[in-house]
Structure formats: C-alpha cells, structure tokens
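[1] Make a model of this:
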Amino acid sequence: MRNLHGNLQFLAFVLYLFFWAWQSSVMETLNDLQQRRLRARGALSNTAGRFDLDRFAVDDGRQVEARADAVVTQVRQELARTAITYNKSPDLPFDRSLNPYRGCEHGCIYCFARPSHAYLGFSPGLDFETQLIARPNADAVLRDELSRPRYKVATLAIGTNTDPYQPIEGEWQIMRRCLEVLRAFNHPVAIVTKGTLIERDLDILSPMAAKGLVRVGISLTTLDPDLARRMEPRVPTPARRLATIKRLSDAGIPVRVMAAPLVPGLSDHEVEALLAAGQAAGADAATWIMLRLPREVSPLWQEWLQEHYPHRAAKVMARLREMHGGRDYDPRWGHRMRGEGHFAEMMAMRFKAACKRLRLAEKTPPLRTDLFARPPQAGDQLALF
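    Take a look at the predicted model:
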C-alpha cells in the first residue's frame, strides 16, 4: 500500500509538472499572438473614450478591452456637411483647416489628435489608428464653400489634425480631389504630412507653387529608424521622408522641416541633426514643437513608454512635467506647444542657433491670396464685356 501511495503521489507530481509546462507554453503562445496582432500599431490598448461611458453602462457580455482585437484597419464613410473648420487659436498661424479623414493609420503614439476620436464614440487608442472615417464628398463641399460670395480667402491648412496622405489616401484620393478644387480657385494651401504619397500630386502642387500658392511641411521626429518604427509604426522611414523633401524641393515646392514633436530623453538630442538633414535635402525653413500629452494621449504614451523604453520612462516624464508646472500637460495658449522653464528655453536656443547656422527661416512669407478667383460654373450668367 505504501508503494502504491508513493507511486500515486509521484504520478500526481509528474502530472502537475506537465500541466504547469503546458500552461506556460499556452501563455507564451497567446502573448506571442497578441504581440503579432499589435505589430505595426502604436497604441497597446483600446480603453473606452471619455464619451463612451454610457455606451458600456449596460453589461452586454463583453469587456471594453475586448475591442483591442480590432487591429485590422476599417474605413467608414461620412458625408461632410462642411469642409472648412475655423479656429481662433493664437498658437496657430492659420485660421482655417480641412481634414479629408478622421483617425490616422500612421499610428503615431504621441499624436495630439487622438482625443478627437472620442467625440465619434471611438477609443483614442487602437480605434484611432484602425477605425478610420473617410469624407468622400469633401471636395464637392469645399467647392461650394469657396464659391460663396461672402467667402474671404486666406491660407487653408491641411494635415494639422490627421495626415491627408496616410495610406488609405492611395485608394480614396480625397486629398487629390481637394487639391484640384484649390488649384481651380487659385487658393493658397499649406500642407503638413509624413506621407510620401504627396509625391503623387507633384503635377498639381508644382504649378501652384510657381504661383506662390503652396508650402509643405514634412514632419521629421527622429533620424533613428528603430525609434521611428516604434513611435510611428506605419509612417515612412526618416530616410524616405528626407527623400520626399528633396523631390518636393526639386519640383520647386518650398518645404519646411518640422522637428515635431521633440521628446525629452528620447529624441531632443537630435534637433541639430534633424535640421541639418532637412536642410541638406532641400528644406528652406524649420519649426519645432515639444511633445504634447493632452487628455487620453498621456496614459497611452506612458503605457507605450513603459513597454518600449522602461529605463527612460521616469526621465522623460520628469522633463515633461518640469516644463508644464508639474503636470503631464499644460493646455494654456502660449505654453502648450513648447512648455516653459530652463529645459524649454535651452531647446529654443539650440533650435534658433541651428536655424541661423543652416540658414533655415523660422518665419516664411505669406502665400499669395490676390490670385483667388471663382472659376466659371454651370449656370453662371455670361459676362457682357
């Protein structure tokens, strides 16, 4: 009996070891699958947006985090009622903008536009980069707005919220159709992008630039391809963006290199190298912005930081809070873009010195507005003289 009891105990121990090894193997496999599903995405989670609370108040048998499985890019259509959005921010050099898309497949983890997705009932996390909204009638609405007798022309900014040249533009071509409208009206436009797809539209942009109607800003956050891949998972590489600057410049289009955002403790040491690389590629102007963490961006950023650079997380956040009065972010006008304090002042001085040495303009001449004219349209009365 003793031998039988001992054998049973041994068998139970062996079965326990087998089960423990099997469970560990399963967990490793699940973790590997989760990492594969999140590969080439910026956000690591998909918690509910601040306007989603009521939506999940009733238990429908699922958890909010279960939506993290939705990592395949999906595009919905929205019929735009207006195309031009106006603002009165003293921090911005423009008073109007246009966004062909809502959400951005580039997946930049630091993107300050992520919170805007919460207004649509989506998460600023993975939803922002996977649940996209296309506005296919934006060009028609834009044409109607520019045709109104009371419309007063000023530079229209595109790409200030989400990138107009993100990958889905290759299929939808909403940005190109909007450019065709602006060309027809001789309307000035300032474009901000990380997307190399802008090269497709050189046939429109180059003639407009010859009339003084176009300026492009190319965002360059780092020259380190590994950091760029982690921080901006679906954006063209830094080298490829520099090649885009060259192509635009060679086509006669004035280009600004945008060192934005600079991340203290991760990329701030590159500011001089970023400007030098942009200038060598053909940029004639430069700007910079410090990392901003409004609303839901802060927890998403800190989650990403702990995953990819845990040994630098404390330093990065300490620098940011130092520039924002102890908070992750200070939304006050005049402070939110660059912060304040010794570190922010030092960055401003380094940027200014580099621009002076490289002969990069910090301010550029305004685009022309005197050429604006409404093209003839069907139904117009013919002029007598």
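
[2] ok, so what distance separates the spatially most central residue of the chain from residue 304?
    With distances taken as CA atoms, centre = their mean, the chain has residue 111 as the residue nearest its mean C-alpha position (4.8 Å). Distance, residue 111 to residue 304, using CB to CB, to the nearest Å: 11 Å. From N, CA and C alone the C-beta is placed, and that goes for glycine too.

[3] related to what we said a few turns ago, the residue nearest to the centre of the chain and residue 245, how far apart?
    Distance, residue 111 to residue 245, using CB to CB: 21 Å.

[4] likewise residue 309?
    From residue 309 across to residue 245, the span is 28 Å (CB to CB).

[5] Report the separation between the two terminal residues of stretch 126-144.
    Between the opening and closing residues of stretch 126-144 we find a distance of 35 Å, counting by CA to CA, to the nearest Å.

[6] Give me the buried positions along that stretch.
    126-135, 137-139, 141-143 (16 or more other CB atoms under 10 Å).

[7] Counting only strands, which of those make the cut?
    131-134 (DSSP state E).

[8] which among those residues gets closest to residue 118?
    Among those, residue 131 lies closest to residue 118 (CB to CB), at 11.8 Å.

[9] For residue 309 and residue 245, work out which one has more neighbours and name it.
    When residue 309 and residue 245 are compared on other CB atoms under 10 Å, the one with more neighbours turns out to be residue 245, at 23 against 17.

[10] could you list every residue that touches that one?
    Taking CB atoms under 8 Å, 6 or more residues apart in numbering, we find residue 245 in contact with 218, 255, 257, 278, 281-283.

[11] residues of the one helix or strand it maps to that come out buried?
    Under the assignment given by DSSP states H and E, the secondary-structure element containing residue 245 is helix 238-250. For helix 238-250, the neighbour count (16+ other CB under 10 Å) marks 238, 241-242, 244-245, 247-249 as buried.

[12] again, but for stretch 318-333
    Using 16+ other CB under 10 Å as the burial criterion, the residues of stretch 318-333 that qualify are 319-324, 328-330.

[13] for stretch 297-315, same thing?
    Of the residues in stretch 297-315, 297-298, 300-301, 303-305, 308-309, 313 count as buried by neighbour count, 16+ other CB under 10 Å.

[14] Phi first, then psi, for residue 322.
    The phi and psi values for residue 322, taken as degrees, to the nearest 10, are phi -60, psi -40.

[15] OK, contacts around it?
    Contacts for residue 322 were tallied using CB under 8 Å, 6+ apart; they are 341, 343.

[16] per-residue pLDDT, it?
    Residue 322 is assigned a pLDDT of 92 by the prediction.

[17] May I have the secondary structure class of residue 85?
    Following DSSP: H, G, I helix; E, B strand; the rest coil, we place residue 85 in the strand state.

[18] Low-confidence stretches in the stretch 151-300 of the chain?
    For the stretch 151-300 of the chain, applying pLDDT under 70 flags no range at all.

[19] Now rank the contacts of residue 245 by neighbours and give me the top one.
    Of all the contacts of residue 245, the highest neighbour tally under other CB under 10 Å goes to residue 257, namely 29 neighbours.
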